[in-house]
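Asks: Just the structure for this:
(chains A, B, C and D)
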There are 2 protein chains.
Amino acid sequence: MTPLTIKVACSNCNLRELCMPMGLSDAELDRIDDVVASRRKVKRGGILFRNGEKFTSLYAIRTGFFKTCVASEDGRDQVTGFQMAGEVMGLDGIVNDYHTCDAVALEDAEVCVMPFDRIEELSREINSLQRHVHKIMSREIVRENGVMLLLGSMRAEERLAAFLLNLVQRLHARGFSQSELVLRMTREEIGSYLGLKLETVSRTFSKFVDDGIVEVKQRHVRILNAESLKDIVNPKVCD
Amino acid sequence: MTPLTIKVACSNCNLRELCMPMGLSDAELDRIDDVVASRRKVKRGGILFRNGEKFTSLYAIRTGFFKTCVASEDGRDQVTGFQMAGEVMGLDGIVNDYHTCDAVALEDAEVCVMPFDRIEELSREINSLQRHVHKIMSREIVRENGVMLLLGSMRAEERLAAFLLNLVQRLHARGFSQSELVLRMTREEIGSYLGLKLETVSRTFSKFVDDGIVEVKQRHVRILNAESLKDIVNPKVCD
DNA sequence: CGAGAGATTGAAACCAGTCAAAAAGGGTGG
DNA sequence: CCACCCTTTTTGACTGGTTTCAATCTCTCG
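Replies: Numbering: from 1, shown residues only, chains lettered A, B, ... in the order given. Next up is the predicted model:
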């Protein structure tokens, strides 16, 4: 007989190869279970944390899909990232003890709440956890470097191509198709992330369809020619 | 009599309020001195570390001024930041054990080399150091969020205004003037950072001069009207 | 003093933005 | 189950900010 309730724990989470416990031994895994204080469900459109809110915890996504966005004083805002299962949110809050962005669920979601003081405590004892926390933060820095390159020097087609390739690659790492994906976000949110207007995103999708590179039906995208996408991102200079 | 050589140590560094040892007690300060393994001088134009190089250490700037830049495969590159005294470089290297950007000195510089395994070791023992390391990484994430907002949604004038205000604010924190600064980088490097061409940077400077907001003489900039700059960055919506 | 890197300025081209209208979905309530 | 409303998406025409290309100018440094 299976027990009625399965223990809330990293050790039996199917994301353990991707998420916080990555690279930990079984013994260490048991100890990290204490870090996950609780789970929290967030409905589509719901807010996990918002700009200005007190920072207490990091959040690991169990299911669902999020966007994070920052806003300037005059109301402009910018999507800074899209996060999926196994990814960690909330790192922005550490420096000033309050969050500097909003985290919004783009579909019904569930996250593991990891109080940061517990993480710090435990990572003093478990070297591989300490290392892992550092890597997660460093990975975010490197990711943002890439986005800066994209925003600073790419044209609309290059940005959208890079975006699609990145999404599909991350989905593939989670066992989904390499060529098909369902966008969880609107054209406007894609545009905000890529520094483009929603009309430009739409037009660029249409162009890719005309060129036979992708099929698009609303939010369903099928990549017909990944090589072309890669060529768009990194044009080969021939001379 | 003063000793002939002053010990290479955080405890007698005039940047200790700004740099790695920030917020540590005197006792802890003595221990963190061990982290700084050595100093390294980098000449103007010299490279501290480059993309692909093995990651071993973080670097705290003692004197001088750096830029960091990433490059895409097809040769495009993007300045991801300008760093000055007391700021830490190399965080990008943690995640994959090699650096993913270049760090180039824009003037003769000296850095403190801090082997990362020593930092990890010591931050297991000294809570405030652990916290500080986390804050430094988080600060970099938040900074990059701000740059994404800038690159994604601001126009040329807004970008340059934000850039000048940011620079002068950081210089002021280091005891320099609130209204005068010397740019250590070329128009092209500013443009790369701001996602603009060098001509656009130059034109925008000229426009600010015409508007009486700044005086510019080559790399010397005097801010005549900081309020105007702030208004440009955050236009007041009046309705 | 001359050479070369860096900066400024002008004119034309172009990519993305803006404004506007229409089409396509998706969800809700009768 | 269908009609209707609202959000999202697409497409067109036009505008405008930035880039591109080119010429000139200014400093710095050997």
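
Asks: Spatially central, which residue of chain A would that be?
Replies: Centroid-nearest residue in chain A: residue A:83, 1.9 Å away (criterion: Cα atoms, centre = their mean).

Asks: is chain B contacted by the helix or strand bottoming out on mean pLDDT in chain A?
Replies: None of the helices or strands of chain A scores lower by mean pLDDT, DSSP states H and E than helix A:26-32, at a mean of 86. No. Shown here: helix A:26-32 not in contact with chain B (Cβ under 8 Å from any Cβ of the partner chain), separated by at least 14.7 Å. (C-beta placed from N, C-alpha, C; glycine too.)

Asks: Could you name the helices and strands sitting against the helix or strand following that helix?
Replies: Where DSSP states H and E defines the elements, the next helix or strand beyond helix A:26-32 is strand A:38-42. Counting contacts by 3 or more Cβ pairs under 8 Å, 6 or more residues apart in numbering or on different chains; DSSP states H and E, strand A:38-42 packs against strand A:109-115.

Asks: just the angle between the strand it packs on and strand A:38-42, please?
Replies: Interaxial angle, strand A:109-115 versus strand A:38-42 (axes from the mean of the first three to the mean of the last three Cα atoms, to 10 degrees): 140 degrees.

Asks: Return the set of buried residues in strand A:109-115.
Replies: By 16 or more other Cβ atoms under 10 Å in any protein chain shown, the buried positions in strand A:109-115 come out as A:109, A:111-114.

Asks: That strand and chain B, are they touching?
Replies: No. With Cβ under 8 Å from any Cβ as the criterion, chain B is not reached by strand A:109-115; the gap is at least 13.5 Å.

Asks: which other residues reach that strand?
Replies: A:10, A:20, A:35-42, A:44, A:46, A:48, A:56-66, A:89 (Cβ atoms under 8 Å, 6 or more residues apart in numbering or on different chains).

Asks: repeat for stretch A:36-46
Replies: Residues outside stretch A:36-46 that contact it (Cβ under 8 Å, 6+ apart) are A:8-10, A:48, A:57, A:59-60, A:62, A:64, A:104-115, A:118.

Asks: May I see the buried residues of it?
Replies: Residues of stretch A:36-46 classed as buried by neighbour count (16+ other Cβ under 10 Å): A:36, A:42.

Asks: Now do the end-to-end distance for it.
Replies: 21 Å (Cα to Cα, to the nearest Å).

Asks: Kindly report the same for stretch A:214-231.
Replies: End-to-end distance for stretch A:214-231, by Cα to Cα: 14 Å.

Asks: Flag every buried residue along that stretch.
Replies: A:214, A:221, A:223, A:226, A:228-229.

Asks: Need the per-residue pLDDT for residue A:24.
Replies: Looking at residue A:24, its pLDDT is 86.

Asks: for the record, mean pLDDT for the lengthiest helix in chain A?
Replies: Longest helix of chain A, by residue count under DSSP state H: helix A:127-153. Average pLDDT, helix A:127-153: 96.

Asks: How about the contacts made by residue A:212?
Replies: Contacts of residue A:212 by Cβ under 8 Å, 6+ apart are A:224-225.

Asks: Now do the SS call for it.
Replies: coil (DSSP: H, G, I helix; E, B strand; the rest coil).

Asks: Next, check the buried residues of stretch A:214-231 against the helices and list the overlap.
Replies: Judged by DSSP H, helices contain the following of the buried residues of stretch A:214-231: A:226, A:228-229.

Asks: Name the nearest of those relative to chain B.
Replies: Nearest to chain B out of these is residue A:229 (Cβ to the nearest Cβ; 14.0 Å).

Asks: Now name the helix or strand holding the residue nearest to the closest one when sequence neighbours are not counted.
Replies: Computed as Cβ to Cβ, 6 or more residues apart in numbering or on different chains, the closest residue to residue A:229 that is not its neighbour in sequence is residue A:161, at 4.5 Å. Secondary structure assignment for residue A:161, by DSSP H and E: helix A:156-173.

Asks: ok and that helix relative to helix A:127-153, angle-wise?
Replies: Interaxial angle of helix A:156-173 relative to helix A:127-153 (the same axes, to 10 degrees): 160 degrees.

Asks: quick revisit: which of the ones in helices among the buried residues of stretch A:214-231 lies closest to residue A:169?
Replies: Among these, residue A:226 lies closest to residue A:169 (Cβ to Cβ), at 9.8 Å.
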